[in-house]
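Enquirer: Compute the structure for the input listed below.
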Amino acid sequence: MRYDLDFKMQVIAYYGEGHSSHATAAIFNVDRNFIIKWVKQYQSGGIDAIKPKTSKAKYSSEFKLNVLTTMLKEDLSQSEVALTFNISSPALISHWHKAYRLEGMSGLTPKPKGSTAMSKPFITDKPDDEKSLAELKRENEYLRAEVAYLKKLDALLKQKKKQALKKQGSSKD
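Expert: Numbers count the residues shown, from 1 in each chain. Below is the predicted model:
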């Protein structure tokens, strides 16, 4: 659940009046770990640190490396580093650390999301005698894949038709 800035400020103010995190959690019906996190964020970064994020933050690979370097050099926990650099989730730092250990710097570079756009078929409008050997090979590969696809589609349609005929035949009894 997302909490707005006013609610977080009320919780922090109540806690700041000397109430325990357990008492504050009971009054506001919030997990006490959230309260502790919000208070620490507020103490380290002010109001900006507890504002709900309007969009997903994007971090550069240099920033990620700086975060990891600081964590390791100063022997800080992920939560402490997240507070220091105003990162909303310490788990994100864990993900970066694992990626860096496995792939090095390339593990910290953002990967494109989603599937790639379908490439255009390799068939060109040129006459066959004007095509290069590579173009002919790509076209041949494309046509073989197309034939294999159509054969599978045909087999599936025949199978469905056969099943439909079996169902019709069995219901006549």
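Enquirer: can you list contacts of the worst-scoring helix or strand of the chain on mean pLDDT?
Expert: The helix or strand of the chain with the poorest confidence is helix 47-50; it has a mean of 78 (mean pLDDT, DSSP states H and E). Helix 47-50 is touched from outside by 5, 8-9, 12, 38, 41-42, 83, 86, with contacts defined as Cβ atoms under 8 Å, 6 or more residues apart in numbering. Bear in mind the C-beta positions are built from the backbone N, C-alpha and C, glycine included.
Enquirer: in the longest helix along the chain, what's buried?
Expert: In the chain, with assignment by DSSP state H, the single longest helix is helix 133-170. Neighbour-count burial for helix 133-170, counted by 16 or more other Cβ atoms under 10 Å, picks out 138-139.
Enquirer: mean confidence score for that helix?
Expert: Mean per-residue pLDDT for helix 133-170: 87.
Enquirer: what about it, distance to the chain center?
Expert: Put simply, helix 133-170 sits 35 Å off its chain's centre (Cα atoms, centre = their mean, to the nearest Å).
Enquirer: next helix or strand past the least confident helix or strand of the chain?
Expert: Sequence order places helix 61-73 as the next helix or strand after helix 47-50, per DSSP states H and E.
Enquirer: what packs against that next one?
Expert: helix 78-85, helix 90-103 (3 or more Cβ pairs under 8 Å, 6 or more residues apart in numbering; DSSP states H and E).
Enquirer: Convert the least confident helix or strand of the chain to CSV, retaining C-alpha atoms only.
Expert: Taking C-alpha atoms only, helix 47-50 is exported to CSV below (Å, rounded to 0.1, in the frame of the first residue of the first chain):
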residue,chain,number,x,y,z
ILE,A,47,10.7,15.9,3.3
ASP,A,48,12.1,15.0,-0.1
ALA,A,49,13.3,11.6,1.2
ILE,A,50,9.8,10.5,2.2
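Enquirer: what about the most centrally placed residue in the chain, is that helix, strand or coil?
Expert: Geometric centre of the chain, nearest residue: residue 113, 7.9 Å, by Cα atoms, centre = their mean. Following DSSP: H, G, I helix; E, B strand; the rest coil, residue 113 is assigned to coil.
Enquirer: could you measure it against residue 62, distance?
Expert: 21 Å (Cβ to Cβ, to the nearest Å).
Enquirer: Please apply the same query to residue 35.
Expert: With the distance defined as Cβ to Cβ, residue 35 ends up 33 Å from residue 62.
Enquirer: Having no further points to raise, I will conclude here.
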